[in-house]
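# Need a 3D model of the following:
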Amino acid sequence: MTEPLRILVTNDDGVDAPGIKLLEKIAHEISSDVWVVAPSGNQSGVGHKFTLATELSLDQRDRKTFAIDGTPADCVAIGMTHVLKDKPADVVLSGINRGQNIADIVHCSGTAAGAREGALQGALGIALSQSMDFSNEHLIEWECSERHGVAAIRSIIENHRNQDIYYNVNFPRCAADDVSGIELVPHQRFSTSAFEYYPSDNEGHFFVTILKTPTPLDDDADCVRLLEHNAVTVTPMKLQQTDFEAINALDGKLSLAD
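Okay, the predicted model is just below:
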């Protein structure tokens, strides 16, 4: 018999977050060989940060669940090269994030970084997020992810061919029965950065936050619009980030001469 896929599950909301508990459940419907290596606490917004020159600890919660006092990238690197060193994971699932990960926000997303590091380590990396209404941060419904997560992940696994990519998946904020399908969308650019200054009530202090989602530069790549129309969106993301057109356009034109 063919051995089952080995799946490593991580996230950026922390090992005890409801989203990773749901993703672990989904992963067990795909394979019997599921491992969890995730941050011990919330690591949202850390991007692809590694905790360098600082000692980390590995807390084994049960036979296949580990918590690390580090970032999602730390967790995947340690999971692949230490916890699973004898047989690294075939698939790294990161999430399910509490809130959508769209457009330029993926650059700072710890959820996306977990999938990206999985791909860099040689696995198929898939980041998954459940859309929510951030005006009511205490309310998030997981029904859509729970119902459609297995099918979406299996479909990507079955059709994945390019080792130079990972995937960013967003589930819409709607009832599971209202999902309109699955849509491939390009990476969306915003008209400006989503992050800005926000004053604190504590004098002399402030926050960096997202007050309002910027408008997209390209309506055809508008993941927000598709999510609002109840589609599960999938964006293949390249590990190779070179702009080869720019290389060709600039070839022979750059100089150190005064």
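
# For the rest of this, base every contact and every neighbour count on C-alpha atoms.
Fine.

# Over to stretch 98-109 now: how far is its first residue from its last?
End-to-end distance of stretch 98-109: 11 Å, with CA to CA, to the nearest Å as the criterion.

# pLDDT score assigned to Pro160?
Not Pro; residue 160 is His. We have a pLDDT of 97 for His160.

# Contact partners for the residue nearest to it when sequence neighbours are not counted?
What sits nearest to His160 in space, not counting adjacent residues and going by CA to CA, 6 or more residues apart in numbering, is Leu124, at 8.0 Å. Applying CA atoms under 8 Å, 6 or more residues apart in numbering to Leu124 gives the contacts Asp90, Val91, Val92, Ala115, Gly118, Ile157, His160, Gln163, Tyr166.

# roughly how far is the helix or strand where Ile96 lies from the heart of the chain?
Taking DSSP states H and E as the definition, one finds Ile96 inside strand 91-98. Distance, stretch centre to chain centre, for strand 91-98: 6 Å (CA atoms, centre = their mean, to the nearest Å).

# Could you do stretch 120-135 as well?
That offset, for stretch 120-135, works out to 3 Å (CA atoms, centre = their mean).

# list the buried ones in that stretch?
120-132 (16 or more other CA atoms under 10 Å).

# Taking the residues you listed together, which two end up most distant?
Gly122 and Met132 (31.3 Å; CA to CA).

# partners of the residue nearest to His160 in the sheet?
Going by DSSP bridges, Leu124 is paired in beta bridges with Val91.

# So Ser200 sits against Phe207, correct?
Yes: the pair Ser200 / Phe207 is scored as a contact, 6.5 Å apart, by CA atoms under 8 Å.

# Which parts of the stretch 101-250 of the chain are strands?
124-130, 165-171, 181-184, 196-199, 206-209, 231-238 (DSSP state E, counting those that start in this stretch).

# between those, which gets nearest to Ile20?
The nearest among those, by CA to CA, is strand 124-130 at 10.0 Å.

# Quick check, pLDDT for Ile102.
pLDDT, Ile102: 89.

# Distance of it relative to Leu226?
With CA to CA as the criterion, Ile102 and Leu226 are 11 Å apart.

# Ok, Ile126 next?
From Ile126 to Leu226 the distance is 19 Å (CA to CA).
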